[in-house]
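Asks: Provided below are the primary sequence and the corresponding predicted coordinates.
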Amino acid sequence: MKLKDRWMKLRNYQSDDFWAMVFARPLTILFLLPIVEKKWVTPNRITVVSILTKLAGSAFVFFDRSYSGGVIGAILLNLGLVLDNMDGTVSRFRNCPTKFGFYLDKISDAVTMTLMFWAIGFRAYGINYEAPFFSDKFIDLIMPLMAATVTYIAGYAKWVSERVLLDLKIIENYRKGTLEEFGASMDRCPKWSTPPERRFSDWVKWFFQAVFSIFKVNEVDIFFWAGLALITEQYWLFTRLDCGLIICGIIVVPIMFSVKVIKREREISKIPEK
């Protein structure tokens, strides 16, 4: 495949998260461009390397109390994020996604992100415990732990809602008599679609959309705040600002998915039973 065609196909996925748009996705395309067609480059192998890289990053953050340890940790964590983008990109490029690959990717994200929250929280609080336990630094320890919990709750709420929505989709197709076609569509690999062509004005608009999206507290942007906090040593950017916004999601996210399920169930109820 020609270089230009390879580049266009790698651009297939269009992210709407700030740190993915301006950092992870561009580097993903850059890194994969020369190697994506190599047989030894597989999605699951990339996922494993991503897991190890994130674990190493969290270990540096937790155990190495020096400034360089924090910087190395930030680099490794964000490199792990890029690798995490690369596995899905390779799957889409080759039209070869697997259910196990999807599972491995998602469950490893949950584990490594939780460890990242813990590592930064303990680093910000001070692992040597020189200050009294309930000092002003205690909030830097407890808020990342709470945010990790909320992230788990949000992920669980999303998983349950997706499971219920899939059941409703099956019911809808059964009532419409299109269940066989629906099953066939689920069995097919996703088709590659041409990425959008952008003029200069479109790229400017794209950039401002990326910057604005940082206020949506997306999952990928957690790595931006973590890296910024570690490199500047202003840990409150992660432990108090970002984690504080994430904690707000303990109410917002379950309600949001509940509304989605209720709305969909009402739509299905209007379809006559067979």
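Replies: Good, I have the coordinates.

Asks: helices along this protein, start to end?
Replies: Under the criterion DSSP state H, the chain contains helices at 3-10, 18-19, 25-32, 43-63, 67-94, 99-125, 138-176, 179-187, 200-213, 221-232, 236, 243-269.

Asks: TSV for these, including mean pLDDT?
Replies: Shown next, in TSV, are the helices of the chain (pLDDT from 0 to 100):
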stretch	mean pLDDT
helix 3-10	80
helix 18-19	90
helix 25-32	93
helix 43-63	96
helix 67-94	93
helix 99-125	92
helix 138-176	91
helix 179-187	85
helix 200-213	80
helix 221-232	95
helix 236	92
helix 243-269	89
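
Asks: who are the contact partners of Gly69?
Replies: For Gly69, the contact set (CB atoms under 8 Å, 6 or more residues apart in numbering) comprises Phe60, Val61, Phe63. Every residue, glycine included, has its C-beta placed from N, CA and C.

Asks: which residues are contacting stretch 119-126?
Replies: Contacts with stretch 119-126, where a contact means CB under 8 Å, 6+ apart, come from 58-59, 61-62, 65, 70, 73, 137-138, 140-145, 226, 229-230, 235-236, 238-239.

Asks: can you select the buried ones from those residues in PyMOL?
Replies: Per 16 or more other CB atoms under 10 Å, the buried members of these correspond to this PyMOL selection:
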select buried, resi 58+59+61+62+70+73+137+140+141+143+144+145+226+229+230+235+238+239
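
Asks: find the nearest non-adjacent residue to Val36, please.
Replies: Once flanking residues are discounted, Val36 sits nearest to Phe93: 5.6 Å by CB to CB, 6 or more residues apart in numbering.

Asks: what sits against the one you found?
Replies: By CB under 8 Å, 6+ apart, the contact set of Phe93 is Lys9, Leu10, Asn12, Leu32, Val36, Trp192.

Asks: quick one, phi/psi of Gly177?
Replies: phi 80, psi 20 (degrees, to the nearest 10).

Asks: tally of neighbours for it?
Replies: Applying the criterion other CB atoms under 10 Å, we find 9 residues in the vicinity of Gly177.

Asks: who's in contact with Phe60?
Replies: When contacts are counted by CB under 8 Å, 6+ apart, Phe60 is found next to Gly69, Gly70, Ile72, Gly73, Leu76.

Asks: likewise for Thr89?
Replies: If you count contacts by CB under 8 Å, 6+ apart, Thr89 has them with Leu10, Asn12, Tyr13, Thr28, Ile29, Leu32, Val36.

Asks: just give the number of residues close to the fourth one.
Replies: When neighbours are defined as other CB under 10 Å, Thr28 has 26 of them.

Asks: which residue packs closest to it, ignoring adjacent ones?
Replies: Once flanking residues are discounted, Thr28 sits nearest to Asn85: 4.3 Å by CB to CB, 6+ apart.

Asks: which of the contacts of Thr89 sit farthest apart?
Replies: Tyr13 and Val36 (13.1 Å; CB to CB).

Asks: tell me how far Phe223 lies from Lys54.
Replies: 9 Å (CB to CB, to the nearest Å).

Asks: now do Leu179
Replies: In this structure, Leu179 and Lys54 are separated by 40 Å, where distance is defined by CB to CB.

Asks: have a look at the two and say which one is more surrounded.
Replies: For Leu179 versus Lys54, the count of surrounding residues by other CB under 10 Å is larger for Lys54: 26 against 14.
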